[in-house]
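**Student:** Predicted model and sequence below, questions to follow.
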Amino acid sequence: MKEITYREALREALAEEMRRDEKVFMMGEDIANYGGSFKVTLGLVEEFGTNRVKDTPLAESVIVGAAVGAAMVGMRPVPEIMFADFMVLVMDHIVNNAAKMTYMSDGELKVPMVLRAAQGAGTGSGAHHCQSVEGWLMNIPGIKIVIPSTPYDAKGLMKAAIRDNNPVVFLEHKMLYATKGMIPEEEYVIELGKADIKREGSDVTVIAYSAMIPKALKAAEILAKEGISVEVIDPRTLKPLDTATLVKSVAKTKRALIVHESCLTGGAGAEIAAILAKEAFDYLDAPITRIGAPDTPVPFSPPLEKYFIPSEQRIIQGIRDLLG
Amino acid sequence: MNLTKDELREMYRLLLLTRKNDERVNEIYARKGLPELPHSCMGEEAIAVGCTYKLRQDDYIIPSLRARGMFLVKGIPTKVMMAGAYGKRTGPARSISTSHHMGDMSKGIMLGTGLIGSSVAVATGAALGLKDMGKDSVSLISFGDGASSQGDFFESLNLAAIWKLPVIFVCENNGYAISTTTDRQMAVENVADKAAGLGVSAVIVDGNDVLAVFEATQEAVARARRGEGPTLVECKTNRWHGHSENDRDNYRNPAEVEAMKRDDCVKRFEKYLLDKGVLTPELAAKIMQSVLQEIDEAVKFAEESPFPAPEEALRDVYAD
Ligand SMILES: Cc1ncc(C[n+]2csc(CCOP(=O)(O)OP(=O)(O)O)c2C)c(N)n1
Ligand SMILES: [Mg+2]
């Protein structure tokens, strides 16, 4: 095992996959020598050259549209858009091109592409650079959504995403890039669609992902001292969603709290709650509860941003409320 | 050009204010950090000041990330802008959003977006609205060379050209979009070259010459008011600092940056005014002193101002 940051884990996965398969290439704004806005791709151009780590003009739509085209003729592009907020600029290519090609060709066409983007608040960059966008993407059949919370997951899921024959949106969280974790020295891949139990417990199930996992774990640790046993589950991929693992946990704890940083209304939590309401109905001792950001754009000023992002305190309170 | 001596001096003061404000913000950021990440406009001040000077209050602007001077010329108080950098309640919009893209409709400043290029379309739409409401106001947007790669740039110029919209596209071509040089951004030499294919008249000016920018813009404004449609004013300039103040800027040769600094738009204008006798060394010193005092007061104001209350995050999502 070795200790590594989330950022380095992503970089390792990208490098390993590019070494393994020469069809894999990356393109995005300032990703080559500059290493990307968050330095995830730093140094890769030295090994792979500017043809496989392509700096593009400042034009998101063509970055992703061109990735779709390259994928259709047999390449395996890994395009990057700097901030997930810019997803809106490429939605046509995701929704109407990437996501529909396989279906509309009766399975003949494949669009193996991994669209990377950094999302989330905490950097004080305001309404146009801090949004969490997975909720927008939930309603698109034909794509997969990967949203890792740890270096281990980031690496293993990135490798799986690159090998997948479908368009995958890979959402990295800015506040996680510098976080550290252990990963094996040897190669590993994490299958998409498998949730991970980050902490076992028996009183309540907290379903969280991305930057909410460290907070949920902290909350669980604090409550453990009071004798409250919290199970923390990270779905890791929202599409596909590992319903079975979630239901199994809720069947055990009889209580579910879903936590995400994106706005509450229409978020991924609503989907998870609906599934649990049906599949775990008979086990529930309390209403399924969700915690998310308020339904506002992400504010800039530090106290406002702090208020916006779901905190450990809110998670702790949510758990207490569930336990009555 | 018909600027009085007082107007020329005022232009100089605004140029100096933009420069000194930027220096101070960068210095504070380096020393103790600031909630708002500064994106220095040093080296490029002449464009913002030149293109906004003498616009009417009912002319609308959308300043770029690099156009701090546009806010100052349009009348945003230095202290409000400074409070914005501090994220204080006295900043623009109570610091709900960053001051980079602040708006103030009473002064003809439209809120911009952090998505590079998107505001070009919004400015085009403002021109459409102004025209259809029968006003003779214009809309003016500034943006970088990088922004001119976006679809919205092409779509906006095309629309503005066919509908003869009163919009002025001011491109601040500083040779870089973060680390990407213009020769890797586009295959033509000038952003203005793109305008030709879209039927938009374009001019290229020395962006470090505040009067050249002013004159070119004023001409474009006059054309727009006469109903003759849009103009692209491409201003060639240099970005002295990294993309932002946390960019190590290690992708550029220090000698290249040193050479840029030899063409200093503030010094250049100062020399011009001294040579013409519009400024004297004494007057220049006095202006400098007043500018520095204004900035000192702005910093004090920002530091002493309160933060907004957390619950204020929930306000104003919808209009009344
Ligand atoms: C749609 C979009 N893509 C990328 C970015 C990230 N970004 C911010 S500024 C910038 C470079 C802008 O270059 P240019 O337009 O030349 O303006 P300059 O910074 O040189 O003034 C980039 C890529 C962004 N804010 N919005
Ligand atoms: Mg530029």
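**Tutor:** Looks like it came in fine. Ligands and ions are numbered 1, 2, ... in the order given.
**Student:** what about residue A:317, which helix or strand?
**Tutor:** In this assignment (DSSP states H and E), residue A:317 forms part of helix A:312-323.
**Student:** Output that helix as CSV, nothing but the C-alphas.
**Tutor:** This file holds the C-alpha atoms of helix A:312-323, laid out as CSV (Å, rounded to 0.1, in the frame of the first residue of the first chain):
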residue,chain,number,x,y,z
GLU,A,312,-21.1,17.9,9.7
GLN,A,313,-23.3,19.7,12.2
ARG,A,314,-26.3,19.5,9.8
ILE,A,315,-25.6,15.8,9.2
ILE,A,316,-25.3,15.1,13.0
GLN,A,317,-28.6,17.0,13.5
GLY,A,318,-30.2,15.1,10.6
ILE,A,319,-29.2,11.8,12.2
ARG,A,320,-30.5,12.8,15.6
ASP,A,321,-33.8,13.8,14.1
LEU,A,322,-34.1,10.5,12.4
LEU,A,323,-33.5,8.7,15.7
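**Student:** Quick one: distance of that helix to the chain centre.
**Tutor:** From the chain centre to the centre of helix A:312-323 is a distance of 23 Å (C-alpha atoms, centre = their mean, to the nearest Å).
**Student:** what's the answer for stretch B:44-61, then?
**Tutor:** 8 Å.
**Student:** which outside residues touch stretch A:257-267?
**Tutor:** Residues outside stretch A:257-267 that contact it (C-beta atoms under 8 Å, 6 or more residues apart in numbering or on different chains): A:120-121, A:131-135, A:204-212, A:215-216, A:268-269, A:272-273, A:288-296, A:309-310, A:315, A:318-319, A:322. Where you see a C-beta, it was placed from the backbone N, CA and C, and this is true even at glycine.
**Student:** now the residue in the stretch 1-150 of chain B that ligand 2 sits nearest to: how far from residue B:151?
**Tutor:** For the stretch 1-150 of chain B, the residue closest to ligand 2 is residue B:144, as judged by C-beta to the ion, at 3.5 Å. Distance of residue B:144 to residue B:151, computed by C-beta to C-beta, to the nearest Å: 16 Å.
**Student:** go on, residue A:51?
**Tutor:** Note on residue A:51: its distance to residue B:151, by C-beta to C-beta, is 25 Å.
**Student:** who's more crowded, those two?
**Tutor:** Between residue A:51 and residue B:151, residue B:151 has the larger neighbour count (other C-beta atoms under 10 Å in any protein chain shown), namely 16 against 8.
**Student:** and the residue of the stretch 101-250 of chain B found nearest chain A, helix, strand or coil?
**Tutor:** Of all residues in the stretch 101-250 of chain B, residue B:114 sits closest to chain A, with a separation of 3.1 Å (C-beta to the nearest C-beta). Taken by DSSP: H, G, I helix; E, B strand; the rest coil, the conformation at residue B:114 corresponds to coil.
**Student:** pLDDT value on it, please?
**Tutor:** Note on residue B:114: pLDDT of 95.
**Student:** Repeat that for residue B:2.
**Tutor:** 84.
**Student:** Run through the residues that contact it.
**Tutor:** For residue B:2, counting by C-beta under 8 Å, 6+ apart, there are no contacting residues.
**Student:** Let's verify it: helix, strand, or coil?
**Tutor:** At residue B:2 the chain is in coil, as set by three-state DSSP.
**Student:** again with residue A:116
**Tutor:** Classified using three-state DSSP, residue A:116 is strand.
**Student:** Give the burial count for it, as a bare number.
**Tutor:** Count around residue A:116 with other C-beta under 10 Å applied: 26.
**Student:** Spit out the contact partners of the residue of the stretch 101-250 of chain B closest to chain A.
**Tutor:** A:85, A:125-129, B:65, B:98, B:100-101.
**Student:** at 6 Å what do you get?
**Tutor:** Shown in contact with residue B:114 (C-beta atoms under 6 Å, 6 or more residues apart in numbering or on different chains): A:128-129.
**Student:** Quickly check: the strand or helix carrying residue B:172 near ligand 2 or not.
**Tutor:** Per DSSP H and E, residue B:172 falls inside strand B:167-173. No: taking C-beta under 5 Å from the ion as the criterion, strand B:167-173 and ligand 2 are apart, separated by no less than 6.6 Å.
**Student:** So which residues make contact with that strand?
**Tutor:** B:44, B:47, B:51, B:66, B:123-124, B:127, B:139-140, B:142, B:144-145, B:160, B:191, B:220, B:230-237.
**Student:** Closest to the centroid, which residue in the chain?
**Tutor:** No chain was given, so I picked chain A. residue A:147 (1.3 Å; C-alpha atoms, centre = their mean).
**Student:** wrong one, chain B
**Tutor:** residue B:67 (2.0 Å).
**Student:** pLDDT at that residue, what is it?
**Tutor:** 97.
**Student:** Also residue B:101?
**Tutor:** As predicted, residue B:101 sits at a pLDDT of 88.
**Student:** Residue of chain B closest to ligand 1, please.
**Tutor:** residue B:144 (2.2 Å; C-beta to the nearest ligand atom).
**Student:** out of the contacts of stretch A:257-267, which are buried?
**Tutor:** Using 16 or more other C-beta atoms under 10 Å in any protein chain shown as the burial test, those include A:120-121, A:131-135, A:204-212, A:215-216, A:268-269, A:272-273, A:288-294, A:296, A:309-310, A:315, A:318-319, A:322 as buried.
**Student:** hang on, isn't residue B:85 packed against residue B:33?
**Tutor:** No: judged on C-beta atoms under 6 Å, residue B:85 makes no contact with residue B:33 at a distance of 10.8 Å.
**Student:** What strands line up against the strand holding residue B:172, and which way round?
**Tutor:** strand B:139-144 (parallel), strand B:231-236 (parallel) (DSSP bridges).
**Student:** got a list of contacts for stretch B:176-195?
**Tutor:** The contact list for stretch B:176-195 (C-beta under 6 Å, 6+ apart) reads A:30, A:34, A:55, A:57-58, B:145-146, B:148-149, B:171, B:173, B:175, B:202, B:204, B:232, B:234, B:239, B:243, B:251.
**Student:** can that stretch be found next to ligand 1?
**Tutor:** Yes: remark: stretch B:176-195 sits within contact range of ligand 1 at B:176-178, by C-beta under 6 Å from any ligand atom.
**Student:** So what's the residue count around residue 78?
**Tutor:** You didn't say which chain, so I picked chain A. Residue A:78 has 29 nearby residues by other C-beta under 10 Å.
**Student:** um, chain B though
**Tutor:** Neighbours of residue B:78 (other C-beta under 10 Å): 22.
**Student:** same thing with residue B:282?
**Tutor:** Neighbour count for residue B:282, taken as other C-beta under 10 Å: 8.
**Student:** what kind of secondary structure is it in?
**Tutor:** Residue B:282 - assigned by three-state DSSP - is helix.
**Student:** quick one: pLDDT of it?
**Tutor:** Reported pLDDT for residue B:282: 98.
**Student:** residues contacting residue A:25?
**Tutor:** Neighbours of residue A:25 in contact, by C-beta under 6 Å, 6+ apart: A:52, A:77.
**Student:** quick one: the lengthiest helix in chain B near ligand 1?
**Tutor:** For chain B, the longest helix by residue count, based on DSSP state H, is helix B:5-32. No: contact of helix B:5-32 with ligand 1 (C-beta under 6 Å from any ligand atom) is absent, the minimum separation being 13.2 Å.
**Student:** and what of stretch B:116-130?
**Tutor:** Yes: residues of stretch B:116-130 contacting ligand 1 under C-beta under 6 Å from any ligand atom: B:116-117.
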